[in-house]
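# Build me a model from this:
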Amino acid sequence: MRPMTLLEPFRALFYAPFYLAELRGAFARQGVEVRLVEAGGTDAACAKLLAGEADVAWSGPMRPMLLRSRDPGCTLRSFCAVVMRDPFLLLGPAPRPGFSLADLAGLRVGLVSEVPTPVWCLAGDLAEAGLPPLPPPAGPSMAENAAALAAGRLDVAQMFEPFACRVEDEGGAVLHAQASRGLTAYTAFYATEAGIAARRPELMAMIRAMDESLRFLRAAPAAEVAALLAPRFADMPPDHLRRGIARYQGLDLWGAGPLFPEEALARLGRAMVAAGAMRHVPPFEACVDNAIVREALSA
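So this is what the prediction gives:
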């Protein structure tokens, strides 16, 4: 098989299955050489993929769906479901027993500014519950919002791990896990249709490697997973790494396998429409290639 260039949009703990596939040798066991390259952001990853600078990337299925809603001729397609629940959490400076999303209307809330999907998904949750929308993110980062919580300048902040662990270390608490809404398409491979056709054997090998990685992650103790991931997260305290993995395992963040659940994309699409990110949800079959996954897993 030909070597494959795989784009990493940014480093994040909820992307653990991708790192584990490399670190545990799952790609190599499937006979495919994968070169992992940092893209420098989600937009940069998409641009490099479309420019032919890489074979495949991982990112939110929101991207092919959003682009296809604007241009039906867009050739990007998602495949190989990896993160099918929302990894973002709502944190407060102290526990708030009985907290519900309805409480947000009266609180100072810091939303994620680095990426749009968690904000869209929360907007979808509020819309489904008949609750008023929140103001758009004002710019501070998750790290800045974590500090604002500790300083008493915010009542609630939206973030992923390990920022949640940082807040807990300061006496804060998780008020709400966005994963609790159920299946939501969050992260998968994506490539152009031409790229999928041209590199089908290699991509099928990568899908089988991800299946192995997902099965391992669902069964392994968090401490074992954290020890494997430590080289990729050298700046993260080991306790935060372990606790973050354990939290995400408990939330069933990494689903039952790489076959893409239609329900997960539909929920994300509804949230994006509710948030005003797009006007309509393109057909599932236009956005997702499950055929390659079925072929890979049956091989």
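
# hey, where'd the helices end up in the stretch 151-299 of the chain?
Using DSSP state H, counting those that start in this stretch, the helices of the stretch 151-299 of the chain run over 163-169, 193-198, 200-219, 222-229, 238-250, 262-274, 284-287, 291-298.

# Need the residues that contact the last one.
Residues outside helix 291-298 that contact it (Cβ atoms under 8 Å, 6 or more residues apart in numbering): 79-81, 196, 200, 203-205, 207-208, 211, 257-260. For the C-beta atoms, the positions are set from N, CA and C on the backbone; glycine is no exception.

# one more time with 10 Å
The contact list for helix 291-298 (Cβ atoms under 10 Å, 6 or more residues apart in numbering) reads 30, 77, 79-81, 188-189, 191, 196-197, 200-201, 203-211, 257-260, 285.

# Only alpha carbons, please: show it as PDB.
This file holds the C-alpha atoms of helix 291-298, laid out as PDB (Å, rounded to 0.1, in the frame of the first residue of the first chain):
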ATOM      1  CA  ALA A 291     -20.200   1.800   2.000                       C
ATOM      2  CA  ILE A 292     -16.400   2.000   2.400                       C
ATOM      3  CA  VAL A 293     -16.800   1.200   6.100                       C
ATOM      4  CA  ARG A 294     -19.000  -1.800   5.500                       C
ATOM      5  CA  GLU A 295     -16.500  -3.100   2.800                       C
ATOM      6  CA  ALA A 296     -13.600  -2.500   5.200                       C
ATOM      7  CA  LEU A 297     -15.100  -4.400   8.100                       C
ATOM      8  CA  SER A 298     -16.300  -7.300   6.000                       C
END
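
# quick one: that helix to helix 200-219, angle?
Going by axes from the mean of the first three to the mean of the last three Cα atoms, to 10 degrees, helix 291-298 is angled at 70 degrees with respect to helix 200-219.

# buried ones in helix 291-298?
Of the residues in helix 291-298, 292, 293, 296 count as buried by neighbour count, 16 or more other Cβ atoms under 10 Å.

# quick one: the last one from residue 153, how far?
Using Cβ to Cβ, to the nearest Å, residue 296 is found at 49 Å from residue 153.

# List the residue ranges of this structure that fall below the pLDDT cut-off.
For the chain, no stretch has pLDDT under 70.

# Now do the contacts for residue 149.
Going by Cβ under 10 Å, 6+ apart, residue 149 touches 91-94, 108, 110, 155-157, 159, 163, 166-167, 170-172.

# How much space separates it from residue 125?
Distance, residue 149 to residue 125, using Cβ to Cβ: 21 Å.

# Repeat that for residue 270.
10 Å.

# now swap in residue 119 and tell me
Look at residue 119 and residue 125: by Cβ to Cβ, they are 11 Å apart.

# Overlap of the contact sets of the two?
Common neighbours of residue 119 and residue 125 (Cβ under 10 Å, 6+ apart) are residue 271.

# list the contacts for the residue nearest to residue 253 when sequence neighbours are not counted?
In this structure, residue 253 finds its nearest non-sequential neighbour in residue 85, 4.9 Å apart by Cβ to Cβ, 6 or more residues apart in numbering. Applying Cβ under 10 Å, 6+ apart to residue 85 gives the contacts 14, 177-186, 248, 251-255, 264.

# same deal with residue 197?
Residues in contact with residue 197, defined by Cβ under 10 Å, 6+ apart, are 191, 203, 292.

# If we use 7 Å, what do you get?
Residues counted as contacts of residue 197 (Cβ atoms under 7 Å, 6 or more residues apart in numbering): none.

# From residue 77, how far out is it?
Distance from residue 197 to residue 77, by Cβ to Cβ: 11 Å.

# about what we covered before: quick one: classify the residue nearest to residue 253 as helix, strand or coil.
Secondary structure for residue 85, judged by DSSP: H, G, I helix; E, B strand; the rest coil, is coil.

# Distance check, it against residue 180.
Distance, residue 85 to residue 180, by Cβ to Cβ: 9 Å.

# now residue 48
Remark: distance between residue 48 and residue 180 (Cβ to Cβ) = 34 Å.

# which of these two has more neighbours?
Set side by side, residue 48 and residue 180 show more neighbours around residue 48, with 17 against 11, by other Cβ atoms under 10 Å.

# Buried only: go through the contacts of residue 85 for me.
14, 177-179, 181, 183-186, 248, 251, 253-255, 264.

# Reduced to three states, what does residue 58 come out as?
Going by three-state DSSP: residue 58 is strand.

# burial of it, as a residue count?
Neighbour number of residue 58 under other Cβ under 10 Å is 24.

# For it, name its beta-bridge partners.
For residue 58, the beta-bridge partners under DSSP bridges are residue 189.

# That one: what's it in contact with?
Going by Cβ under 7 Å, 6+ apart, residue 58 touches 18, 82, 187, 188, 189.
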